[in-house]
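**Student:** After the sequence you'll find the predicted model.
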2 protein chains.
Amino acid sequence: MTSVGALPFADAACCAPLVREPLTAAAATDLARTLKAIADPARLRLLSMIAAHEGGEACVCDLIEPLGLSQPTVSHHLKVLTDAGLLTRDKRGVWDYFTLVPGALDSLADVLSSTQRR
Amino acid sequence: MTSVGALPFADAACCAPLVREPLTAAAATDLARTLKAIADPARLRLLSMIAAHEGGEACVCDLIEPLGLSQPTVSHHLKVLTDAGLLTRDKRGVWDYFTLVPGALDSLADVLSSTQRR
């Protein structure tokens, strides 16, 4: 998954910011699902560490020590973020490398924002 | 609570968007707490319905029927959003009236966004 168009709330992000008109039940369910994926301190730090890493890409092996969690725990959090359409995974050799899906967090920001940014 | 300065993530919103530099553990904990408050379909719809309501203010009595939930459930969700610093409550007569805290959702959007908006 490399396109922001694949995000479930992409249409809402484009057309119906939260504060402009009442969210439909379906749009609210999709948006809540994505927010739940990031509403966790470890997952927020992972997104942030990957974005700030050289080239905007990080290996699982880069993330374990700074986060202070076990590899299985880090891998679980990375899977949640990947399943939510926020990260892409690229397997190279023995390690998985992760990058942010371009525009994914911005789409989320657009839904929450009262001003049009893009 | 009427000022966005009271939000726990206000400093992060101002100075350290998620994708610019790695979030500290403390900032991630604060931000996750606020995201958890909105990562619920009913609470997202409540924020949206209040924002879209006439004058940006709504009575609990305006929200029960469109949401299709009981009054105690709606009141619980409104308390979570108020405790998270996203809504202000004004008691008038027998009903509570709610408004969005100005700038609160925008501050959250700023932390998630990769571009500077304000």
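**Tutor:** Cool, got the structure.
**Student:** State the mean pLDDT of stretch A:25-35.
**Tutor:** Confidence over stretch A:25-35 (mean pLDDT, whole number) is 95.
**Student:** buried residues in it?
**Tutor:** Buried residues in stretch A:25-35, defined by neighbour count with 16 or more other C-beta atoms under 10 Å in any protein chain shown: A:27, A:28, A:29, A:30, A:31, A:32, A:33, A:34, A:35. All C-beta atoms are positioned from the backbone trio N, CA, C, and that covers glycine.
**Student:** How about stretch A:86-100?
**Tutor:** Within stretch A:86-100, the residues that qualify as buried are A:86, A:87, A:88, A:96, A:97, A:98, A:99, A:100, counting by 16+ other C-beta under 10 Å.
**Student:** Quick check: the residue lying closest to the first one once chain neighbours are set aside vs residue A:54, distance?
**Tutor:** With C-beta to C-beta, 6 or more residues apart in numbering or on different chains as the measure, residue A:104 is the residue that lies nearest to residue A:86, at 4.9 Å, once sequence neighbours are left out. In this structure, residue A:104 and residue A:54 are separated by 20 Å, where distance is defined by C-beta to C-beta, to the nearest Å.
**Student:** Looking at those two, which has the bigger crowd around it?
**Tutor:** When residue A:104 and residue A:54 are compared on other C-beta atoms under 10 Å in any protein chain shown, the one with more neighbours turns out to be residue A:104, at 27 against 7.
**Student:** Go back to the buried residues of stretch A:25-35 and keep what's next to chain B.
**Tutor:** With C-beta under 8 Å from any C-beta of the partner chain as the criterion, the buried residues of stretch A:25-35 include A:28, A:29, A:31, A:32, A:35 near chain B.
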